[in-house]
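Participant: here is a sequence with its predicted model. Questions after.
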Number of protein chains: 2
Amino acid sequence: MASRTAAVPALRCLTRRTPALRNRLNIRTAQAARRCFSTAESRRFSLVATRNFKHTSESYPDIQRDSRFSKVTEEHVRYFKEVLGSGSAVIESITDDAAQDDIEPFNGDWMKKYRGHCRVVLRPGSTEEVGKVLKYCNDNLLAVVPQGGNTGLVGGSVPVFDEIVISMARMNQVRDFDEVSGTLVVDAGVILEAADKYLAERGYIFPLDLGAKGSCHIGGNVACNAGGLRLLRYGSLHGNVLGIEAVLPDGTIVDDLFKLRKNNTGYDLKQLFIGGEGTIGIITGISIQCPQRPKAVNVAFFGLESFEKTQQAFREAKSHLSEILSAFEMMDNQAHTLVQRVTQNKRPLEGEYPFYCLVETSGSNTEHDSEKLQAFLEDVMEKGIVADGTLAENETQLQSLWAWREGIAEALGHLGGVYKYDVSIPLKDMYKLVEDTRARIAEAGLLGDTEEHPVIDVVGYGHMGDSNLHLNVATRHFDKRVEEVLEPFVYEWIKERQGSISAEHGLGIAKKKYIGYSRSDTMIQLMKQIKKLYDPNGIMNPYKYI
Amino acid sequence: MASRTAAVPALRCLTRRTPALRNRLNIRTAQAARRCFSTAESRRFSLVATRNFKHTSESYPDIQRDSRFSKVTEEHVRYFKEVLGSGSAVIESITDDAAQDDIEPFNGDWMKKYRGHCRVVLRPGSTEEVGKVLKYCNDNLLAVVPQGGNTGLVGGSVPVFDEIVISMARMNQVRDFDEVSGTLVVDAGVILEAADKYLAERGYIFPLDLGAKGSCHIGGNVACNAGGLRLLRYGSLHGNVLGIEAVLPDGTIVDDLFKLRKNNTGYDLKQLFIGGEGTIGIITGISIQCPQRPKAVNVAFFGLESFEKTQQAFREAKSHLSEILSAFEMMDNQAHTLVQRVTQNKRPLEGEYPFYCLVETSGSNTEHDSEKLQAFLEDVMEKGIVADGTLAENETQLQSLWAWREGIAEALGHLGGVYKYDVSIPLKDMYKLVEDTRARIAEAGLLGDTEEHPVIDVVGYGHMGDSNLHLNVATRHFDKRVEEVLEPFVYEWIKERQGSISAEHGLGIAKKKYIGYSRSDTMIQLMKQIKKLYDPNGIMNPYKYI
């Protein structure tokens, strides 16, 4: 092995790290890396309340309040207080004007893009309470918006007009955990990171991980079918969620909180709530299959000369790393450069490359995993697939490598307005969307280094392992001309390749009108049937989804 | 390591096998083992046509033909021939009495438990043809039964009265395969083993495996949400199926054949067809995520002194083998002894133990996997969890170890009638059901070695990794007294432990009336809503499911 290594000079920086050092890596490293982001994000979320921004009703003047819905009255408020108690379980400015300040954090999203006119926030403490208030709202034609951690990206968790927010934050208990099977049962309002910490203490891991883990609720994750960073390894929530407890608008409790892996007794109705974005009911409890926590986590980071080579590297990673491959993340040099500009951190690799990849392995045996990773790296460097690379040799380095990937969204946010597209595209075409978009914006004279050009850069990054691209157009300021160049171009481009216009962020308000680019009229009609079946009055999260 | 081994004499038979020999093991071994069973089963299936057995309408006198349904006329047959052609695409005895012999294989199930009075079998060759005939049947109130490989265990795929069978056997093409992402798109009628062979040639594996793989259709597997042998490793079809094409009774084509892993654009309607048992539509195409084929497969087999120790062994296996653990199968001595009695094969272990486990690993590196398995075995033997064990050292041995597990169902079948229960129970209670059932039958004086006792033995085996028990009561002949002792006792027992009365076999006719033991009235009502929504005339697979 030593002689092979000697023939590949670029590998030196990888091989000179001693296995002994790498052996000390453990799962805490990856967690630490993410935690620092969640904290940053939490900070950002808390600012929402203090800043005012445009109401959704102004940004989307074509959406009109549905006149069938009642306005909340003092009588309604009395009922809510009767059911939930008059403490912090009901926050309302119907009888108390001053309370509006407390309501504002529930009214707006963290991106400051969507803001409603809500005057009543209900915070039920049990499934029965959810059932009572929801039935009352349905009977009285009061529209509602279920809200978890309010960390979504498409405006799905905030009201548009005066819908009542039903916040799940008070339902935040772990109900049950089976240490043999790994089945966890939680209230919908449990924060993802809290559940993961609970599991870590018991040698298990939550099969979902994402940047907002410090704030997002598991109920919200399930309602939005969150994908995140571990999907490549642990699969989707459609496979991992074993059971759901939910409340329908008429107060019916869907008691499908099954705790075992196999149950073939009838239609799997819980699946409709996974990704249903709170439009047919409110999820109140979840049981989920959790895998054993990996004992070893390793991270490598490389530079590559083309997207073609990035694809080759992914194929090699699947072959060499197979069962331990837990992340294969891609970012282009534009994204990498933006992070560098904002953070002023030293780049992990000396040279500059058009593409970068972050590869993470999670397994049960550090030595085996390191050996597999080493063999993979030697192979991709010997074949000239990877130009240069580095391997994290301790927690800090692992954290800092992840930061180059996870820091992209935040870095982009520092520059001004960002047009964000979260899409699925067959791998071979995945990056072409970024190139085509960049060329189109350049052609329109909108891209440049100076103030008169609205667009700073067009960047692409994402979960390569899931064919999930984040196309981001970073602007100095939002500009109608940019929007016109982008839409419907991006959606048409994706439709041609049979991709998805929303890989993981959902529809919400943002993508409601574009669903036709990913779904046929037949599918949309069938979905509307389901909506009508469960929510005939349409009170659940109106003006959104389909 | 050598000195630790020396201290554990029982481990000798495991450690004396050279790694070199074990290294020669590869994936073909496991396949070979299963193939011999599929062939046996195929043989058995072909006998169905030649033997007559009781009609379902006699065994279930309480099920009456729904008088709303039309009887098939010559005019109907003319239409079917017009759409499908008059060759083998329409087999009917309406105009041709002699054809009834050709129809019989479609009328009965392989267990010889369910038999219908069907006189027309349609074999469409395309989704459009399915659409046309189904719409016609719906318009004319002709009841239909979708049929795949007809390998089910609950009578779901054969008619009860004169329902028309729609066989998917002619739709048997692989439509597409992406060698980078591993996404396979197939017609519903592709045989599971054929798909797996196709994938094997390309370095991939189908994420589902089961005894009937030589006959069952992928469409049927999806319609029944088959679990099988690889669920522990690759997860359920709810997670792996990426898209479905299906036809609704009114001829609507559900075109949801998405090929990527992430798509959050609306309700995930395809999930209703997974496990829907052909009651709301006919699946015509499937796209599915297939993992890389493991390069190394190892199998170990042990004897254990108690079910408590079997549970401990499972926990240790999860911890030591983690990402490479692909099967953890349990069987009791009763099951093991029955196989021995029927096959006359030499037992794999010298002593006799109350419980046996088969552990399979599938990974990408033979050396690493062997080392992990070795460490696991040393650990469980040192701790006294496992009493004795053996490791397959070549293909033949691997095949013969699997045969002790997969041969159980067949061995039971040789003895006479078998009452079969396929259930999910929390692990800690899993085997108690077998003990309680055995005690109950013994108490009733029904269990014994002589002819006057109907019950030969009560055996338990199953997919321990999925909490999935197969409770089998082997009888010399079916006996009403046995049935009365078993039911509803077994279902009540399961209900108390919040298990499932059908872990993987589905409802069909067999379990239709027992669904209340696993589902609340609310859930059943919600399921009926879905049935009514998609199949208002109730023509799809009537008299079954919910």
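Facilitator: Sure, I can see it.
Participant: now A:Y431, what are its backbone angles?
Facilitator: phi -80, psi -20 (degrees, to the nearest 10).
Participant: I misspoke; the intended subject was A:N468.
Facilitator: phi -110, psi 110.
Participant: gap between it and A:F376?
Facilitator: Distance of A:N468 to A:F376, given as Cβ to Cβ, to the nearest Å: 22 Å. Just so you know, the C-beta spots here come from the backbone N, C-alpha and C atoms, and that holds for glycine as well.
Participant: the two: which has the busier surroundings?
Facilitator: Counted by other Cβ atoms under 10 Å in any protein chain shown, A:N468 and A:F376 do not tie: A:N468 has more neighbours, with 27 against 23.
Participant: got the confidence number for the residue nearest to that one when sequence neighbours are not counted?
Facilitator: Distances taken as Cβ to Cβ, 6 or more residues apart in numbering or on different chains put A:A503 closest to A:N468, at 4.4 Å, once the chain neighbours are dropped. A:A503 carries a pLDDT value of 94.
Participant: ditto for A:L229
Facilitator: At A:L229, pLDDT is 83.
Participant: swap in A:L349?
Facilitator: A:L349 carries a pLDDT value of 96.
Participant: up against chain B, what does the stretch 101-250 of chain A have?
Facilitator: Taking Cβ under 8 Å from any Cβ of the partner chain as the criterion, the stretch 101-250 of chain A approaches chain B at residues A:178, A:180-181, A:203, A:224-225, A:227, A:231, A:235-236, A:238-240.
Participant: and which of the residues you listed is nearest to chain B?
Facilitator: Nearest to chain B among these is A:G239, at 2.0 Å by Cβ to the nearest Cβ.
Participant: counting by contacts, list what the helix or strand where the closest one lies packs against.
Facilitator: Assigned by DSSP states H and E, A:G239 belongs to helix A:237-240. Packed against helix A:237-240 by the contact rule (3 or more Cβ pairs under 8 Å, 6 or more residues apart in numbering or on different chains; DSSP states H and E) you find strand A:282-289, helix B:237-240.
Participant: again, only using 10 Å
Facilitator: Helix A:237-240 sits against helix A:218-223, helix A:231-234, helix A:270-273, strand A:282-289, helix B:237-240, with contacts defined as 3 or more Cβ pairs under 10 Å, 6 or more residues apart in numbering or on different chains; DSSP states H and E.
Participant: what bits of the stretch 1-150 of chain A have low per-residue confidence?
Facilitator: Residue ranges of the stretch 1-150 of chain A with pLDDT under 70: A:1-52.
Participant: in the stretch 251-400 of chain A, which spans are strands?
Facilitator: A:253-256, A:282-289, A:296-304, A:325-332, A:355-363, A:388-391 (DSSP state E, counting those that start in this stretch).
Participant: quick check: which of those is nearest to B:N298?
Facilitator: Of all the strands of the stretch 251-400 of chain A, strand A:355-363 sits nearest to B:N298, with 16.7 Å by Cβ to Cβ.
Participant: got the angle for that closest one vs strand A:325-332?
Facilitator: 170 degrees (axes from the mean of the first three to the mean of the last three Cα atoms, to 10 degrees).
Participant: and the residue nearest to A:N468, what does it touch?
Facilitator: A:227, A:421-425, A:462-463, A:466-470, A:494, A:518, B:260-265 (Cβ atoms under 10 Å, 6 or more residues apart in numbering or on different chains).
Participant: same thing but at 8 Å, please
Facilitator: Contacts for A:A503 were tallied using Cβ atoms under 8 Å, 6 or more residues apart in numbering or on different chains; they are A:227, A:422-424, A:466-469, B:260, B:262-264.
Participant: checking my notes, it in a helix, right?
Facilitator: No - using DSSP: H, G, I helix; E, B strand; the rest coil, the assignment for A:A503 is coil, not a helix.
Participant: measure stretch A:249-258 end to end?
Facilitator: Criterion Cα to Cα, to the nearest Å; first-to-last residue distance in stretch A:249-258 is 22 Å.
Participant: so which bits of that stretch are buried?
Facilitator: In terms of neighbour count (16 or more other Cβ atoms under 10 Å in any protein chain shown), stretch A:249-258 has its buried residues at A:249, A:251-258.
Participant: who wins for proximity to B:E323 among the strands of the stretch 251-400 of chain A?
Facilitator: Relative to B:E323, the nearest member of the strands of the stretch 251-400 of chain A by Cβ to Cβ is strand A:355-363, separated by 5.7 Å.
Participant: just checking, what packs against the closest one?
Facilitator: Against strand A:355-363 (3+ Cβ pairs under 8 Å, 6+ apart) you get helix A:27-48, strand A:296-304, helix A:307-321, strand A:325-332, helix A:333-343, helix A:366-382, helix A:395-413.
Participant: try it again at 6 Å.
Facilitator: In terms of contacts (3 or more Cβ pairs under 6 Å, 6 or more residues apart in numbering or on different chains; DSSP states H and E), strand A:355-363 is packed against strand A:296-304, helix A:307-321, strand A:325-332, helix A:366-382.
Participant: so which of these is nearest chain B?
Facilitator: Closest approach to chain B among the helices and strands packed on strand A:355-363 (Cβ to the nearest Cβ): helix A:366-382, 4.2 Å.
Participant: buried residues, that closest one. List them.
Facilitator: Buried residues in helix A:366-382, defined by neighbour count with 16+ other Cβ under 10 Å: A:366, A:368-374, A:376-381.
Participant: the residues you listed also near chain B: which ones?
Facilitator: When Cβ under 6 Å from any Cβ of the partner chain is applied, the members of the buried residues of helix A:366-382 adjacent to chain B are A:H368.
Participant: just put the buried residues of helix A:366-382 in CSV and tack on pLDDT.
Facilitator: CSV is the format used below for the buried residues of helix A:366-382 (pLDDT from 0 to 100):
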residue, pLDDT
A:T366, 88
A:H368, 94
A:D369, 94
A:S370, 90
A:E371, 92
A:K372, 94
A:L373, 92
A:Q374, 89
A:F376, 95
A:L377, 90
A:E378, 91
A:D379, 94
A:V380, 96
A:M381, 92
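Participant: out of the buried residues of helix A:366-382, who's nearest A:L122?
Facilitator: A:D369 (47.7 Å).
Participant: contacts only, for that closest one.
Facilitator: Listed by Cβ atoms under 6 Å, 6 or more residues apart in numbering or on different chains, the contact partners of A:D369 are A:296, A:298, A:324, A:361, A:363.
Participant: the last one: what's it in contact with?
Facilitator: Residues counted as contacts of A:G363 (Cβ under 6 Å, 6+ apart) are A:294, A:296, A:324, A:369, B:323.
Participant: work out for me the element A:V121 sits within.
Facilitator: Here A:V121 sits within strand A:120-122, counting by DSSP H and E.
Participant: didn't A:E329 look like it was pressed against A:E360?
Facilitator: No - judged on Cβ atoms under 6 Å, A:E329 makes no contact with A:E360 at a distance of 7.9 Å.
Participant: compare those two (neighbour count), which wins?
Facilitator: The neighbour comparison of A:E329 against A:E360 (other Cβ under 10 Å) goes to A:E360, with 29 against 24.
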